[in-house]
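>>> Sequence plus the predicted model coming up.
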Amino acid sequence: MSSSYLYGFHTIIAALERPDEPLESIWYLKDREGDRIRNMIALAQSQGVKILSCTRHELDIMVPGASHQGVVGKIRASKILNFEAMIETLSPVSLFLVLDGIKDPHNLGACLRSANAFGVNAVIVPQDRSARMNPTVRKVACGAAELTPLVTVTNLSRTLATLSEEGVHIVGAAADSKLKLSEASLRGPLAIVMGGEEAGLRRLTKNRCDELVSIPMEGEVESLNVSVAAGVLLYECNRQRFYS
């Protein structure tokens, strides 16, 4: 499934509203009617995007196995920010989400959605051992993939070292940490680091963190889904920064 395709009304509308990631063309299900399709077509036409009607079979071929809602779009390029360019944008309230080995595209999409909701400047992922931007990620992100930059780096440990040198505080999530999330200081330039779905943070990544925090758990389950945990940590960041 090519990463140059996206699908679903919400995702395509979000892309149309982002001029820095223009769509080349949109295919929609022949004979599809309703205000939603008419509004989408009008918005696309106002931007000069090519509009084509086609059969469901043709849409299924473009995005195999996807729940495309009868609409598929093709983009010119993914919104991927260069790490060096990202460093130049650092500010006293910069906030980054670093994902160390998130391999499930559904989790990556959900993390992008949480990142956008809590004002993250960019999501950072390693080139290897990570899900890549694809239509599934975009669909799950519900438009956030078109809004929050995704930064791919070749060496995550070195990237964290560079962020630290630039004054960014590195906080990793670890279930066995005795430091509770609410006890950590999450103000100033900050990078929240989440581990992979099964193994958590790798040793080298852990060693690059300035401190490790855990989320207090009161129920019987031992851990949260990584995207849910990311949302909890990012919420606490915002609470400390803007509401306390």
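Cool, got the structure.
>>> Please identify which helix or strand holds the residue positioned nearest the centre of the chain.
In the chain, the residue lying closest to the centroid (C-alpha atoms, centre = their mean) is residue 112, at 2.1 Å. Using DSSP states H and E, the element containing residue 112 is helix 105-117.
>>> Which neighbouring elements make contact with that helix?
The elements that helix 105-117 packs onto, with contact taken as 3 or more C-beta pairs under 8 Å, 6 or more residues apart in numbering; DSSP states H and E, are strand 95-100, strand 122-126, helix 135-141, helix 226-242. (C-beta placed from N, C-alpha, C; glycine too.)
>>> three-state assignment of the residue lying closest to residue 223 once chain neighbours are set aside?
Closest residue to residue 223 in three dimensions, ignoring its sequence neighbours and counting by C-beta to C-beta, 6 or more residues apart in numbering: residue 175, at 5.9 Å. Reduced to three states with DSSP: H, G, I helix; E, B strand; the rest coil, the structure at residue 175 is coil.
>>> Could you double-check that residue 175 sits in contact with residue 200?
Yes - counting by C-beta atoms under 8 Å, residue 175 sits close enough to residue 200 to count as a contact (7.2 Å).
>>> who's more crowded, the two?
Remark: of residue 175 and residue 200, residue 200 carries more neighbours, 19 against 16, as counted by other C-beta atoms under 10 Å.
>>> need the contact list for that one.
Applying C-beta atoms under 8 Å, 6 or more residues apart in numbering to residue 200 gives the contacts 173-175.
>>> And it, how far from residue 156?
14 Å (C-beta to C-beta, to the nearest Å).
>>> Out of the helices and strands packed on helix 105-117, which gets the lowest mean score?
For the helices and strands packed on helix 105-117, mean pLDDT drops lowest on helix 135-141, to a mean of 86.
>>> That helix: what's the following helix or strand?
Proceeding C-terminally, helix 135-141 gives way to strand 150-153 as the next helix or strand, assigned by DSSP H and E.
>>> Please name every helix or strand in contact with that following strand.
Contacting strand 150-153 under the criterion 3+ C-beta pairs under 8 Å, 6+ apart are the following elements: helix 83-87, strand 122-126.
>>> what would the ones you listed look like in JSON lines with distance to residue 29 and mean neighbour count?
Compiled in JSON lines, those are given as follows (distance: least, C-beta to C-beta, whole Å; neighbours: other C-beta atoms under 10 Å):
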{"stretch": "helix 83-87", "distance to residue 29": "39", "mean neighbour count": "14"}
{"stretch": "strand 122-126", "distance to residue 29": "32", "mean neighbour count": "23"}
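>>> Quick one: low-confidence residue ranges for this protein.
Under the criterion pLDDT under 70, the flagged ranges of the chain are 1-4, 18-22, 76-81.
>>> What separation is there between the residue lying farthest from the centre of the chain and residue 73?
If you look at how far each residue of the chain sits from its centre, by C-alpha atoms, centre = their mean, the farthest one is residue 31, at 33.7 Å. Using C-beta to C-beta, we find residue 31 at a distance of 19 Å from residue 73.
>>> repeat for residue 90
Counting by C-beta to C-beta, the separation of residue 90 from residue 73 is 33 Å.
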